[in-house]
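**Student:** here is the input, now give the coordinates:
(one chain, ligands or ions: 2)
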Amino acid sequence: MPSPYGNERTVSKLVSELEDAEKLSSRGRAYGRVCYLSHSDKRVVSWKFNEWDYGKKNITLPCNARGLFISDDVNNPVIVARGYDKFFNIGEVNFTKWEWIEENCTGPYDVTVKANGCIIFISGLKDGTLVVCSKHSTGPREDVDRNHAEAGEKHLLKQLADKNVNPNDFARMLYDYNITAVAEYCDDSFEEHILEYPLEKAGLYLHGVNVNESEFETWDIKDVSELARTYGFKRIESFPMNSLEDLRKLLDHCSTKGSFQGQEIEGFVIRCHLKNNGKPFFFKYKFEEPYLMYRQWREVTKDYICNKSRVFRFRKHKFITNKYLDFVIPILESSPKMCEDYMRGFGVIELRNKFLESYGMSGLEILNHEKVAELELKNAINYDKVDEHTKFLIFPISVIGCGKTTTSQTLINLFPKTWGHIQNDDITGKDKSQLMKKSLELLAKEEMKCVIVDRNNHQFRERKQLFEWIDELKEDYLAYDTNVKVIGASFAPSDKLSEIKDITMQRVINRGNNHQSIKFDELGEKKVVGIMSGFLKRYQPINLDRSPDNMFDLMIELDFGEQDSSLANAKQILNEIHKAYPILIPDVPTDNEIDKAFKKSLEYKPTVRKIIGRGNGNQPKTPKLIKPTYISANIQNSEEIIDLVRQAVTDNTELLQKFEELLANGKFQKDLHITLGHVMSSREKEGKKLWKLYCERYNDQITEYNNNKYTEKNENLCNNQTKLIKTTDELKFSLKKLCWDEKIIAVVVTLPGGEEGCLIDVNGDTVKGLVCQNEVPHITLCKLNSSVKAVYSNVLCQKAESTEVNDKNVKVFKLNKTKEFCASVYLNF
Ligand code: GDP
Ligand code: MG
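**Tutor:** Ligands and ions are numbered 1, 2, ... in the order given. This next block holds a predicted model:
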């Protein structure tokens, strides 16, 4: 072991730098939190920075340690515990790219297997007090339901007792060497992570020994191993690689297999040194799989428990995840207790293992066989079988005015619950596949059996595209084993084209403005004739001998006549489907019923206005986009916030009682959120600028909403409820204080980022310039009388924030600031 440490330990300079950084409003801001030690009246300050500030080129932090505890001593502060300098995944930052490593690092490369638990720092004070910390905290805490530091300590004491080591001696040894022992606490009985740590594998895996200095200094892995042996820690596997090339080969090999020596592992941490100054340099190499698959299973299970709806949209592992859901749903349905535990993080691995056992393969075997299994399954499903689970799509093949929409309306009037109709003319956005997406979405509804996908499809290319869309999108909306039959309806027989031309022309003139895009009065006869002739010229009638037309499961070849052609079409379609698929139409409706449905369909009026082509002076302007009413950050773990609020008022019996009463009566706001911007505040000058920025940022979602709104209206889905659209941006925040008066209960929150912006995008980067419009960002928890408006929270929170609260009715309580919460940004229409 290296020799005991005897130098001057005071880190006053570091502390003053940290305290300065604490005053920053954005970049590089430090957060200090005082922790009371469990076995001493001394205190330490836990220091941290925002996750995204580490490793940035343009930010220099006073110390790069992830986990840093300094004694709360004005004159002689010392580092009590120190984590590793934050290190990154291979390729994650510039200085973990292979080329960079090759140029700047030197071997040997000590490869250590990454344990999958929570990190624990162990150290000692001069008087032999043992100090055990989690990443950012130590000592007793009331604000969390699991105290990682305490659980780690309990385990440590047991382990030391087994080795006959007095904990104080151990602490003194750590102090003398001026080191922090860094271990991973892995124990499923305390907290499940992704990999399994049953009783026999549970324990503290010692993976590092850091010197308690500002600059990162850490022991060699063999000394770490030695210390682990002496004090009864579990040891992590490690081995040296001498050349970078060998290391790379090994890692690539393991990552394609997703395992190391047949074991599932999370990945490796590689320790080496910098060429120029010999300082330690760490990077990690995390495996994507089977982690990703397991995490996906966990998320879909939680989703199922919360919403009782089954997800079909998976990024990867579609087949096996569906199999997993098939297996776990009945189990979850039969055990509410299991669902409850699952949501608290227990039984996740057990459920996964049950599935793997029944499936007869390990996770790794599945990953290796996935492709094969998927194909096997597809072959095993009998797609020819038509039964009550089969669903149908009808594609017209036609030119303008042949009566597609009228015929479709006649049919859906006959089966309003089980048949649906999506019109291409109602789709106004750029994304053409919306036609298929909307159709599949509608078809996915339980009661829906058949959807008519109304578009001309007058060319092979368009028909081919329909089949491609089905292949590509079907499993996003429907269960993998749902059988979909595709029926074609050819409206324009090739031997009647000149007749069709005359009649449809006449019909379209009569239809007048009663169409989404072809408005006769606006376009004028010449233009309309031009558009219609274009379709006729390009028309490629069906050819059942070739692809794509030979892919239809059934083709209905309709005739065309002048008199009530759509009535005749509807009848023919009903009869032919009845014959081919009686499961869809067991009994053909009576003539009388069909007549009635047809008459109604002639009165059909579209609700969408669609602009085609480039506008000329005569054309109406694009309708104005509807903007959201407000933009909010909706909180994911409301319960934790409610708990912290409860703790803040525990000493005030009267308020506590009132609090519980309100909670029990469901008086709290249902969806807790922080309002980031409101259309009303956009009337003021500054607010206007900011609101514009928000609208620009979320332009895509706003456009999408506007496009969908019209089609939804058409499906009678539109109501007056607020419609929420999720964005991919997030907000991290912490609580500050609770404010309570006779009208409202609200929580003032602290947002990161200062003027630079408080939101982070999917890459974890700050979204420039988007700040909270409200002067005091807050969450409205509860309105105490029905007439008060939520904006009143602004008034209350501003009162609470002003230095002296004069208003006696306003009660203010400090809240636990350490816990970081996360919220997703939503548009509220
Ligand atoms: P699409 O362009 O193929 O969708 O054709 P539409 O269904 O919009 O029909 C064009 C026009 O012809 C509309 O004004 C319909 O009301 C009218 N139309 C369609 N089928 C019939 C029919 O069988 N009889 C009569 N009298 N009018 C029809
Ligand atoms: Mg139409």
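**Student:** can you list the strands that the longest strand seen in the chain pairs with?
**Tutor:** For the chain, the strand with the greatest residue count under DSSP state E is strand 724-740. Sheet pairing for strand 724-740, assigned by DSSP bridges, gives strand 744-750 (antiparallel), strand 759-760 (antiparallel), strand 811-814 (antiparallel), strand 821-828 (antiparallel).
**Student:** in it, what's buried?
**Tutor:** Within strand 724-740, the residues scored as buried using 16 or more other CB atoms under 10 Å are 725, 727, 729-740. (C-beta placed from N, C-alpha, C; glycine too.)
**Student:** rewinding a little: of all the strands paired with strand 724-740, which lies closest to ligand 1?
**Tutor:** strand 821-828 (33.7 Å; CB to the nearest ligand atom).
**Student:** identify the residues contacting the closest one?
**Tutor:** The contact list for strand 821-828 (CB atoms under 8 Å, 6 or more residues apart in numbering) reads 628-637, 640-641, 673-674, 676, 698, 701-702, 705, 722-727, 729-735, 759.
**Student:** now for the helix or strand harbouring residue 779, which elements pack on it?
**Tutor:** Using DSSP states H and E, the element containing residue 779 is strand 778-783. Counting contacts by 3 or more CB pairs under 8 Å, 6 or more residues apart in numbering; DSSP states H and E, strand 778-783 is packed against helix 638-649, strand 673-678, strand 744-750, helix 792-801.
**Student:** of all the ones you listed, which one comes closest to ligand 1?
**Tutor:** Comparing the helices and strands packed on strand 778-783 by CB to the nearest ligand atom, strand 673-678 comes nearest, at 42.2 Å.
**Student:** a strand runs through residue 45, doesn't it?
**Tutor:** Yes. Assessed with DSSP: H, G, I helix; E, B strand; the rest coil, residue 45 lies in a strand.
**Student:** what number of residues lie near residue 415?
**Tutor:** Neighbours of residue 415 under the rule other CB atoms under 10 Å: 17.
**Student:** and stretch 489-502, end to end?
**Tutor:** Length of stretch 489-502, first residue to last, CA to CA, to the nearest Å: 21 Å.
**Student:** average pLDDT for that stretch?
**Tutor:** The average pLDDT within stretch 489-502 is 93.
**Student:** how about low-confidence regions in the stretch 251-400 of the chain?
**Tutor:** Residues of the stretch 251-400 of the chain meeting the criterion pLDDT under 70: 311-315, 370-383.
**Student:** around ligand 1, pick out the residues from it.
**Tutor:** Applying CB under 6 Å from any ligand atom, one finds that the stretch 251-400 of the chain approaches ligand 1 through 398, 400.
**Student:** try it again at 5 Å.
**Tutor:** For the stretch 251-400 of the chain, the residues in contact with ligand 1 (CB under 5 Å from any ligand atom) are residue 400.
**Student:** in the stretch 251-400 of the chain, what residue is nearest ligand 1?
**Tutor:** Closest to ligand 1 within the stretch 251-400 of the chain is residue 400: 4.8 Å, counting by CB to the nearest ligand atom.
**Student:** tally of neighbours for that residue?
**Tutor:** 23.
**Student:** so it sits in a helix?
**Tutor:** No. Counting by three-state DSSP, residue 400 falls outside a helix, being coil.
**Student:** for the strands paired with strand 724-740, which one sits closest to residue 500?
**Tutor:** Smallest distance to residue 500 across the strands paired with strand 724-740 (CB to CB): 45.5 Å, for strand 821-828.
**Student:** export the closest one as PDB, just CAs?
**Tutor:** The C-alpha trace of strand 821-828 is given here as PDB (Å, rounded to 0.1, in the frame of the first residue of the first chain):
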ATOM      1  CA  PHE A 821     -37.100  16.800 -10.100                       C
ATOM      2  CA  CYS A 822     -37.800  16.400 -13.800                       C
ATOM      3  CA  ALA A 823     -40.700  17.700 -15.900                       C
ATOM      4  CA  SER A 824     -41.500  17.400 -19.500                       C
ATOM      5  CA  VAL A 825     -42.500  20.300 -21.600                       C
ATOM      6  CA  TYR A 826     -46.100  20.300 -23.000                       C
ATOM      7  CA  LEU A 827     -48.100  22.500 -25.200                       C
ATOM      8  CA  ASN A 828     -51.600  23.100 -23.900                       C
END
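**Student:** now it: average pLDDT?
**Tutor:** Computed over strand 821-828, the average pLDDT equals 93.
**Student:** in that strand, which residues are buried?
**Tutor:** Neighbour counts over strand 821-828 (16+ other CB under 10 Å) mark 821, 823, 824, 825, 826, 827, 828 as buried.
**Student:** how many degrees apart are that strand and strand 778-783 in direction?
**Tutor:** Strand 821-828 and strand 778-783 are oriented at 80 degrees to each other (axes from the mean of the first three to the mean of the last three CA atoms, to 10 degrees).
**Student:** got CSV for the buried residues of strand 821-828, with distance to residue 692 too?
**Tutor:** Output for these, formatted as CSV (distance: CB to CB, whole Å):
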residue, distance to residue 692
821, 28
823, 22
824, 22
825, 16
826, 19
827, 15
828, 17
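**Student:** got those residues as CSV, with distance to ligand 1 columns?
**Tutor:** Formatted as CSV, these follow (distance: CB to the nearest ligand atom, whole Å):
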residue, distance to ligand 1
821, 52
823, 46
824, 41
825, 40
826, 37
827, 34
828, 36
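**Student:** from those, which is closest to residue 118?
**Tutor:** residue 821 (18.9 Å).
**Student:** which residues of this protein lie near ligand 1?
**Tutor:** Selection of the chain residues close to ligand 1 by CB under 5 Å from any ligand atom yields 400-406, 507, 511, 564-566, 602.
**Student:** point out the least confident one among the residues you listed.
**Tutor:** Lowest pLDDT within the residues of the chain next to ligand 1 is found at residue 511 (85).
**Student:** skip the chain neighbours and tell me the closest residue to that residue.
**Tutor:** Leaving aside its sequence neighbours, residue 511 sits nearest to residue 520 (CB to CB, 6 or more residues apart in numbering; 7.1 Å).
**Student:** please apply the same query to residue 287.
**Tutor:** residue 267 (5.0 Å).
**Student:** residues touching the one you found, list them.
**Tutor:** By CB under 8 Å, 6+ apart, the neighbours of residue 267 are 114, 284, 285, 286, 287.
**Student:** the fourth one - how many residues pack around it?
**Tutor:** Read that as residue 286. 15.
**Student:** need the next SSE after the host helix or strand of residue 461, C-terminal direction.
**Tutor:** Using DSSP H and E, residue 461 sits within helix 460-477. Proceeding N to C from helix 460-477, the next assigned helix or strand is strand 484-490, under DSSP H and E.
**Student:** and that next one, which strands flank it?
**Tutor:** Applying DSSP bridges, strand 484-490 is found paired with strand 391-397 (parallel), strand 554-557 (parallel).
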